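sharing a sequence plus its predicted fold:
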Amino acid sequence: MKINLPLVVKTLTGFIREETRKAGFDRVILGLSGGLDSTVCTYLAVRALGPRKVLALIMPYRDLDREGVAHARKVARLLKVRFREIDISPQIDAYFAAFPTDNQVLKGNKMARERMSILYDFSAREKALILGTSNKTELLIGYGTIHGDMACGINPMGDLYKTQVRELGRHLKIPKEILVKKPTAGLWPGQTDEGEIGLSYEELDLILYLLVDRRQKPDEVVAAGFERKKVRRIVEMITRSEFKRKMPPIAKISGRTVGHDFLYPYDWGK
Amino acid sequence: MKIALAQISPVLGNPERNLKLHLDYIKKAVSRKADLVVFPELSLTGYTLKDLAAELAVNPRKSPTFKKLLEASRTIDLVLGFVEEAADDPGLVYNAAAYLSRGRILHIHRKVFLPTSGMFEEGRFFAAGRQFRPFDTGRVRTGLLVCRDFLHYGSSYCHFAGGAGLIITISAAPGRGVDEPRSPGFQTSRMWELMGEAVSFFSSAVVVYCNRVGYEDGAVFAGGSFIYSPFGKLITRLPYLEEKFEVIEVDLAEIGRARKSWPFRRDERPEVIWQSLEKIIRENHED
């Protein structure tokens, strides 16, 4: 699972540069949580376009992730990118005052979609393309909010597993405290991804790598030394989240239908 | 012979802008006194065409774009990629390579092996070509291939058996596989170079490979175009991932020298291969 880091940096910075231009933008915007993925993505964006072409939005909910906000500010200042802090508490609180719930996942999803909504608004105001920061691990197991943090203009990191993103972060010399802290989706205080998923990223990524990249069958992965229960759970997470990785199906009734047999490239004419 | 490699990034689905890009590079190649300039696969249209393939298909004998290119070919030979609509069989479109020289179309090769698996879906949008046929350019007997054709070694063999001393592959090959930390390029780049080295040496032929760069729908084209000598020696390799133009002097007399040193061509028995293949095909397809 080791990767050729200079080649990856060259490929991904070129991707950001070219796709931004093709989409008709000359700058990018992204949500910066102070976590590993958005930090690495900010570093890549700065390498691709320079700090003045990158706008980072720091969008905390109350004091849910105070450490994250501090890290995000540090990254923005270190890289000299433009950044803004937008507190999402008023609109989130107003909504849940009307529709109360104790379900933290519902709250987390609502917050992710609120941040998405702000990103798209600022994308239009600032004429900046939205960079997505979902990694391959999250995309495969569906650990993200559909139309929330998964929404973006382009995603430079979606083919890198979480552990590879960390390797890339080390290569790009991101602040050490961000490199070593436990990843969190910031759903509730003290929440960690690994606690919620029930597996360490090291183990999860290895199993995904064997299943997806090496095309091994679940039984073969078990034979390679992984617990059957864990492998089965991962396969189930992949299967159940396919809807998050696809455009919704369109009922086909005509001879030529969007998504079925009306097929054009994304980069059409660019 | 001076060969120019145009490792470019065509605009997807915009032949007008690509024609301009071609004419710019042709001008550059002429000013550098090149005899031939080679462009990548589908250089006039871009690669990830899907339904656009049928819409952008042209008959090169009637196309205004080709008229301009044929005009340019009066001063320099051209190899380029385009979508061909069969003049004699309307509705069939091919992923094709054209060799233009002295204002004429010397040859058109229709891609035979259309990758249709994983990230590739060419078989959905293109008809497959049916032959490999080398032709004379006035300088050297030449064989054309398009991208995946080159990875099936029978394709180069046909050109070798047909006497080609120059085998040109135009390509739009994405870079894939980054898990070899010490290799300078993608794992797939190594695959093309491996074939280039083997084919050039065992055919005692100059092997020219022109790949494109740039991004389309998330895929990155790897670049890394190269030329191998008839002795299997790397003459040049362009950088990975970067747009690049280079003019390289290639000594065609090396073909004869290589064939005297290693008489693979003299000792070749295509009729034995043919008879063997015929038997294999008949046995495999007997009902």
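Noted; the coordinates are in hand.

A:Leu30 versus the closest residue to A:Ala23 other than its chain neighbours, what's the distance?
Using Cβ to Cβ, 6 or more residues apart in numbering or on different chains and skipping the chain neighbours, the partner closest in space to A:Ala23 is A:Leu129 (5.2 Å). Using the backbone N, CA and C atoms, a C-beta is placed for each residue, glycine as well. Remark: distance between A:Leu129 and A:Leu30 (Cβ to Cβ, to the nearest Å) = 9 Å.

over to A:Val69?
Applying Cβ to Cβ to A:Val69 and A:Leu30 gives a distance of 15 Å.

more neighbours: which of the two?
Neighbour comparison, A:Val69 and A:Leu30: the larger count goes to A:Leu30, with 25 against 18 (by other Cβ atoms under 10 Å in any protein chain shown).

in a strand, that one, correct?
Yes: judged by DSSP: H, G, I helix; E, B strand; the rest coil, A:Leu30 forms part of a strand.

tell me how far it lies from chain B.
From A:Leu30 across to chain B, the span is 18 Å (Cβ to the nearest Cβ, to the nearest Å).

verify the stated contact: that residue with A:Ala45.
Yes: the pair A:Leu30 / A:Ala45 is scored as a contact, 6.9 Å apart, by Cβ atoms under 8 Å.

give me the common contacts of these two.
A:Val54, A:Leu131 (Cβ atoms under 8 Å, 6 or more residues apart in numbering or on different chains).

what residues does the stretch 51-200 of chain B put near chain A?
On the criterion Cβ under 8 Å from any Cβ of the partner chain, chain A has as its neighbours in the stretch 51-200 of chain B the residues B:Asp51, B:Leu52, B:Gly175, B:Val178, B:Asp179, B:Glu180, B:Pro181, B:Arg182, B:Ser183, B:Pro184, B:Gly185, B:Phe186.

check contacts around the last one.
Pointing back at B:Phe186 there. A:Leu7, B:Gly175, B:Arg176, B:Gly177, B:Val178, B:Ala222, B:Tyr240.

got a list of what A:Leu179 touches?
By Cβ under 8 Å, 6+ apart, the neighbours of A:Leu179 are A:Leu36, A:Arg166, A:Gly169, A:Arg170.

can I assume it sits in a strand?
No: counting by three-state DSSP, A:Leu179 is not found in a strand; it is helix.

give the next helix or strand downstream of the helix or strand where B:Val37 lies.
Taking DSSP states H and E as the criterion, B:Val37 maps to strand B:36-38. Later in the chain than strand B:36-38, the nearest helix or strand by DSSP H and E is helix B:52-56.

quick one: list the elements packing against the next helix or strand along the chain from that next one.
Downstream of helix B:52-56, the first helix or strand assigned by DSSP H and E is helix B:64-72. Helix B:64-72 sits against helix B:15-31, strand B:77-85, strand B:93-101, strand B:104-110, with contacts defined as 3 or more Cβ pairs under 8 Å, 6 or more residues apart in numbering or on different chains; DSSP states H and E.

ok, back up a step: what is the nearest of the contacts of B:Phe186 to A:Thr192?
Closest approach between those and A:Thr192, by Cβ to Cβ: B:Val178, at 28.3 Å.

burial count for the closest one?
Neighbourhood size, B:Val178 [other Cβ under 10 Å]: 21.

same question, A:Asn109
So A:Asn109, with other Cβ under 10 Å, has 18 neighbours.

who are the packing partners of the host helix or strand of it?
Using DSSP H and E, the element containing A:Asn109 is helix A:104-126. If you count contacts as 3+ Cβ pairs under 8 Å, 6+ apart, helix A:104-126 packs onto strand A:28-31, strand A:54-58, helix A:89-98, strand A:129-130.

please save the CA atoms from it in PDB.
Provided in PDB are the C-alpha atoms of helix A:104-126 (Å, rounded to 0.1, in the frame of the first residue of the first chain):
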ATOM      1  CA  GLN A 104     -26.300  12.400  16.900                       C
ATOM      2  CA  VAL A 105     -26.100  11.000  13.400                       C
ATOM      3  CA  LEU A 106     -29.100  13.100  12.300                       C
ATOM      4  CA  LYS A 107     -27.500  16.200  13.800                       C
ATOM      5  CA  GLY A 108     -24.100  15.400  12.200                       C
ATOM      6  CA  ASN A 109     -25.700  14.900   8.800                       C
ATOM      7  CA  LYS A 110     -27.600  18.200   9.100                       C
ATOM      8  CA  MET A 111     -24.400  20.000  10.000                       C
ATOM      9  CA  ALA A 112     -22.500  18.400   7.000                       C
ATOM     10  CA  ARG A 113     -25.300  19.600   4.700                       C
ATOM     11  CA  GLU A 114     -25.300  23.100   6.200                       C
ATOM     12  CA  ARG A 115     -21.600  23.300   5.500                       C
ATOM     13  CA  MET A 116     -22.200  22.100   2.000                       C
ATOM     14  CA  SER A 117     -24.900  24.700   1.500                       C
ATOM     15  CA  ILE A 118     -22.500  27.500   2.700                       C
ATOM     16  CA  LEU A 119     -19.700  26.100   0.500                       C
ATOM     17  CA  TYR A 120     -21.900  26.200  -2.600                       C
ATOM     18  CA  ASP A 121     -23.100  29.700  -1.700                       C
ATOM     19  CA  PHE A 122     -19.600  31.000  -1.300                       C
ATOM     20  CA  SER A 123     -18.500  29.100  -4.400                       C
ATOM     21  CA  ALA A 124     -20.900  31.300  -6.400                       C
ATOM     22  CA  ARG A 125     -20.100  34.500  -4.500                       C
ATOM     23  CA  GLU A 126     -16.300  34.000  -4.900                       C
END
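
what comes into contact with it?
A:27, A:29-31, A:55, A:57, A:59, A:61, A:84, A:86, A:88, A:91-92, A:95-96, A:101, A:128-130, A:144-145, A:147-149, A:151, A:153, A:185-188, A:191.
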